[in-house]
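Engineer: what's the 3D shape of this:
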Amino acid sequence: MRLGKQPRSLIQIKEGSVNSLNKTLWLATAAATALASNSAQAFDPANLTMRARAAYLEPVNQNDAIAAFAVPSDSINVQKKMTADIDLEYAASDALGIELQVLIPQRHRVTATQSLQGNNLDLGTISLLPLSLTAKYYLGSETFRPYVGGGFNYTAFTDNTLSAPGAGSLDVRRSSFGGVLQAGFDYRLNERWLVSVDARKVWMDTSISSAGTRLTSMTIDPWIWGAGVGYRFGQ
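Structural biologist: Just a heads-up that it's a prediction; the model follows:
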């Protein structure tokens, strides 16, 4: 029996997920109410803002132990990566925005820090394509506008090249659905252009299998830090 760090219990993981999703559901309900109240109005492109940011994806890297390969818990690492994101936001009101964000996919190297085959075993690469839909509530002035928000995230796992000695090719569950929380600010440079800083926590997980047998679950749950510029189509 391993006497070191013990993996979090399934109950603790589920409780944390439920608490975070309760927060995001409140924000999503507020967004739906605002949109319904404005449903009689025509869509106005002047309410759109587009942003492009450099983004840093930082996974938390948690996994169940794989006894058959002497891989302990929390020892499978998904590489941290610089990438970029693009988002499009519609202003439902002065204080409420609905944002769709996509993170440009990058290949992330996956390693096992401990295993039967030695330390820092290279398992290959995988690409993540996260897509988030959030409701954002704005505070502050017309120039400096901090915000908080929440919603839902869908992530597609693509370009899987994972494999391991003794197990052959490894299969990864192709999608993940979870909550997302965010906070940040916009600083308006003029009527059109702005500086954007954003931080978000994404609930994201998958599983790894070999020949149809599930080997482990993998919790990625990354922080995504971003900074860039935006363009407002309206006044």
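
Engineer: part of a strand, is residue 151?
Structural biologist: Yes. Under DSSP: H, G, I helix; E, B strand; the rest coil, residue 151 falls within a strand.

Engineer: Okay, it and residue 101: tell me how far apart.
Structural biologist: 9 Å (C-beta to C-beta, to the nearest Å). (Glycine included, C-beta is placed from N, CA and C.)

Engineer: Give the intersection of the neighbour lists for the two.
Structural biologist: 132-134 (C-beta atoms under 8 Å, 6 or more residues apart in numbering).

Engineer: Nearest to residue 156, out of those residues: which one, please.
Structural biologist: residue 132 (12.6 Å; C-beta to C-beta).

Engineer: Show me what that closest one is bridged to.
Structural biologist: residue 101, residue 153 (DSSP bridges).

Engineer: In contact with residue 198, which residues?
Structural biologist: Counted by C-beta under 8 Å, 6+ apart, residue 198 has contacts 53, 182-184, 224-227.

Engineer: Go again with 6 Å.
Structural biologist: Contact partners of residue 198, counting by C-beta atoms under 6 Å, 6 or more residues apart in numbering, are 184, 226.

Engineer: got any ranges where the chain has weak pLDDT?
Structural biologist: Low-confidence segments of the chain (pLDDT under 70): 1-43, 235.

Engineer: Out of the shared contacts of residue 151 and residue 101, which is nearest to residue 200?
Structural biologist: Closest to residue 200, out of all of these and judged by C-beta to C-beta, is residue 132, at 7.1 Å.

Engineer: The closest one: neighbouring residues, count only.
Structural biologist: By other C-beta atoms under 10 Å, the residues close to residue 132 number 25.

Engineer: same deal with residue 120?
Structural biologist: Around residue 120 there are 10 other residues, counting by other C-beta under 10 Å.

Engineer: and the nearest residue to it once chain neighbours are set aside, what are its bridge partners?
Structural biologist: Excluding its sequence neighbours, the residue lying closest to residue 120 (C-beta to C-beta, 6 or more residues apart in numbering) is residue 111, at 5.5 Å. Beta-bridge partners of residue 111, counted by DSSP bridges, are residue 77, residue 122.

Engineer: Contacts only, for the residue nearest the centre of the chain.
Structural biologist: Residue closest to the mean C-alpha point of the chain, counted by C-alpha atoms, centre = their mean, is residue 202 at 3.4 Å. Contacts of residue 202 were listed using C-beta under 6 Å, 6+ apart, and they are 153, 180, 222.
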